[in-house]
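Asks: My questions concern the predicted model and sequence given below.
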Amino acid sequence: MRFSLRQLVLALVLFGIIGLEIELAFLRHADSLAKWIPHISLLIGLVVTLAVYLSPRKPVLRSFQTIMVLYLLIGALGVYFHLRGNVEFAVERDPSLSGLKLLWKALRGATPALAPGALAQLGLLGLLYTYGHPSLAANAAERRDVD
C-alpha cells in the first residue's frame, strides 16, 4: 500500500491531535475555563480531520482550514499566556528581575512556555495538507494547473 505525501501529512495532523489531547489530559490542563480551550479545539479538530479523511470535499476542507487557522491563533495565545504566567511568577519571587534575565527565567519556568506552539505546528501542517488540494480548485482546468 502506497500513501501520498498529502495523506501522510493528514495522518500527522491526526496523530498530533490525539497526542496533544493525551498530553493535556496527563497534565490535567483543565482547572479553568481558559485551559479547556485547547481541549475543545482539539476535539473539534479531530472530528473535522476525520471528516476530511472520509470525504475531502470543498466545504469540509474549508472547515478544516478554519480550524487549522484557529490552531495557529490558539497556539500563539497559549504561548503568550504561559509566558506571561511565568513572568508574573518569576517577578513575584524576585522583583529585581528584568530584561533578558527575566525572559530567560520565564522561558524556563514551571509552565512550559513554548508547549502551545505544538498546536500552532499542527495548524501549519493542516494548512499544508490543503495547499493546492484538488477539491479546492474551482474547476477542472485549475486542478490541472495545481498538479
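Replies: It's in.
Asks: So, low pLDDT: which residues of the protein?
Replies: Along the chain, the model assigns pLDDT under 70 to residues 139-147.
Asks: what ranges do the helices span in it?
Replies: 5-26, 37-54, 58-93, 99-107, 117-130, 140-146 (DSSP state H).
Asks: Highest mean neighbour count out of these?
Replies: Comparing the helices of the chain by mean neighbour count (mean count of other C-beta atoms under 10 Å), helix 117-130 comes out on top with a mean of 20. Just so you know, the C-beta spots here come from the backbone N, C-alpha and C atoms, and that holds for glycine as well.
Asks: Check which helices and strands it is in contact with.
Replies: Helices and strands touching helix 117-130, as assessed by 3 or more C-beta pairs under 8 Å, 6 or more residues apart in numbering; DSSP states H and E, comprise helix 5-26, helix 37-54, helix 58-93.
Asks: Got phi/psi on D94?
Replies: D94 has phi and psi values of phi -140, psi 90 when expressed as degrees, to the nearest 10.
Asks: check contacts around the residue nearest in space to the middle of the chain.
Replies: Central residue of the chain (C-alpha atoms, centre = their mean): L119, 2.2 Å from the mean position. Counting by C-beta atoms under 8 Å, 6 or more residues apart in numbering, L119 touches 20, 38, 41-42, 71, 74-75, 78.
Asks: about what we covered before: mind putting the helices and strands packed on helix 117-130 into TSV with distance to A115?
Replies: Output for the helices and strands packed on helix 117-130, formatted as TSV (distance: least, C-beta to C-beta, whole Å):
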stretch	distance to A115
helix 5-26	8
helix 37-54	10
helix 58-93	7
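Asks: how close does the residue of the chain positioned farthest from its centre sit to L103?
Replies: Distance to the chain centre peaks in the chain at S96, reaching 35.0 Å (criterion: C-alpha atoms, centre = their mean). Look at S96 and L103: by C-beta to C-beta, to the nearest Å, they are 14 Å apart.
Asks: Then E23?
Replies: From E23 to L103 the distance is 25 Å (C-beta to C-beta).
Asks: Equivalent analysis for L50, please.
Replies: Where L103 is concerned, L50 sits at a distance of 40 Å (C-beta to C-beta).
Asks: you'd agree F81 is up against A34?
Replies: Yes. Using C-beta atoms under 8 Å, F81 is in contact with A34, at 7.1 Å.
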